[in-house]
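In: Sequence and predicted model, in that order:
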Amino acid sequence: MSRSVLVTGGNRGIGLAIARAFAQAGDKVAVTYRSGEPPEELTALGVLAVRCDITDSEQVEQAYKEIEDAHGAVEVLVANAGITKDTLLMRMSEDDFTSVVDTNLTGTFRVVKRANRGMLRAKKGRVVLISSVVGLLGSAGQANYAASKAALVGFARSLARELGSRNITFNVVAPGFVDTDMTKVLTDEQRAAIVANVPLARYAQPEEIAAAVSFLASDDAAYITGAVIPVDGGLGMGH
């Protein structure tokens, strides 16, 4: 049965792979993007691309109206949009900290709250939040990013308790280092140093993150809520 699926930040990297997986499975997929132009691949897959900055509540509301007009109320939400502004604490400005939290955490709050309007009416829904191994493990120079990603766990688990009786599940996927444009800018030495700490000795492919998300949104995962699923090659085990 074709569902209305929304993937925030779905125009590249992990988000694009997630959108692709749902579209290829026959779902009606929409993605939000903040800047640039979405890849032609999305158009070819029949994916609706909506420009939206999730730090702006009015833009979030307008994006949902456009998606609902085209696909109906969102039944599966994947909150993937996020930013980084890495620097050591003593060099981190207040804007470096608050802008990351406002996008990664408060932006997720905005899109989840708006999606739940339709999910509560339907008495069903699937929400998957994309966190990070860094949120559990920590990373020097990423206090803002790690804090925002760790907070998603408490957010999801609180909502799992709050809305479980309405048949709405909330789960978190925590990727490790993924082979995307963001990590391709690293030097060979930096990449080698990262892989040296990963038990599986390689980066993840975006499709491997998408597979975990697809599972959590499937009927097979109907009795899973409040879970944190690491897809990190073992990097964060024990956290």
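Out: Structure received. Numbers count the residues shown, from 1 in each chain.

In: what about the chain, any weak spots by pLDDT?
Out: Within the chain, not a single segment meets pLDDT under 70.

In: Spatially central residue in it, please.
Out: Most central in the chain under Cα atoms, centre = their mean is Asn80, positioned 2.1 Å from the mean C-alpha point.

In: okay but that residue is in contact with Leu16, surely?
Out: No - look at Asn80 against Leu16 with Cβ atoms under 8 Å: they stay out of range, at 9.5 Å. C-beta: built from backbone N, CA, C; applies to glycine.

In: Can you work out which residues contact both of the two?
Out: Taking Cβ atoms under 8 Å, 6 or more residues apart in numbering as the criterion, Asn80 and Leu16 both touch Gly10.

In: hey, where'd the strands end up in this protein?
Out: With DSSP state E, the ranges of strands along the chain come out as 4-8, 28-33, 48-51, 76-79, 125-130, 168-175, 228-231.

In: Format these as JSON lines; extra columns: mean neighbour count and distance to Val185.
Out: Output for the strands of the chain, formatted as JSON lines (neighbours: other Cβ atoms under 10 Å; distance: least, Cβ to Cβ, whole Å):
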{"stretch": "strand 4-8", "mean neighbour count": "28", "distance to Val185": "23"}
{"stretch": "strand 28-33", "mean neighbour count": "26", "distance to Val185": "20"}
{"stretch": "strand 48-51", "mean neighbour count": "19", "distance to Val185": "24"}
{"stretch": "strand 76-79", "mean neighbour count": "27", "distance to Val185": "24"}
{"stretch": "strand 125-130", "mean neighbour count": "26", "distance to Val185": "20"}
{"stretch": "strand 168-175", "mean neighbour count": "26", "distance to Val185": "17"}
{"stretch": "strand 228-231", "mean neighbour count": "19", "distance to Val185": "22"}
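
In: Figure out which of those strands is closest to Lys65.
Out: Smallest distance to Lys65 across the strands of the chain (Cβ to Cβ): 9.8 Å, for strand 48-51.

In: May I have the residues that are in contact with the nearest residue to Val228 once chain neighbours are set aside?
Out: In this structure, Val228 finds its nearest non-sequential neighbour in Val172, 4.6 Å apart by Cβ to Cβ, 6 or more residues apart in numbering. For Val172, the contacting residues are Val128, Leu129, Ile130, Ser131, Leu152, Val153, Ala156, Ala227, Val228, Ile229, by Cβ under 8 Å, 6+ apart.

In: out of the residues you listed, who's nearest Arg121?
Out: Val128 (20.2 Å).

In: of all the strands of the chain, which lies closest to Glu208?
Out: Of all the strands of the chain, strand 228-231 comes closest under Cβ to Cβ, at 6.0 Å.

In: if we can go back for a sec, may I see the strands of the chain arranged in TSV, with distance to Ser57 as well?
Out: Shown next, in TSV, are these (distance: least, Cβ to Cβ, whole Å):
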stretch	distance to Ser57
strand 4-8	14
strand 28-33	14
strand 48-51	15
strand 76-79	15
strand 125-130	18
strand 168-175	21
strand 228-231	27
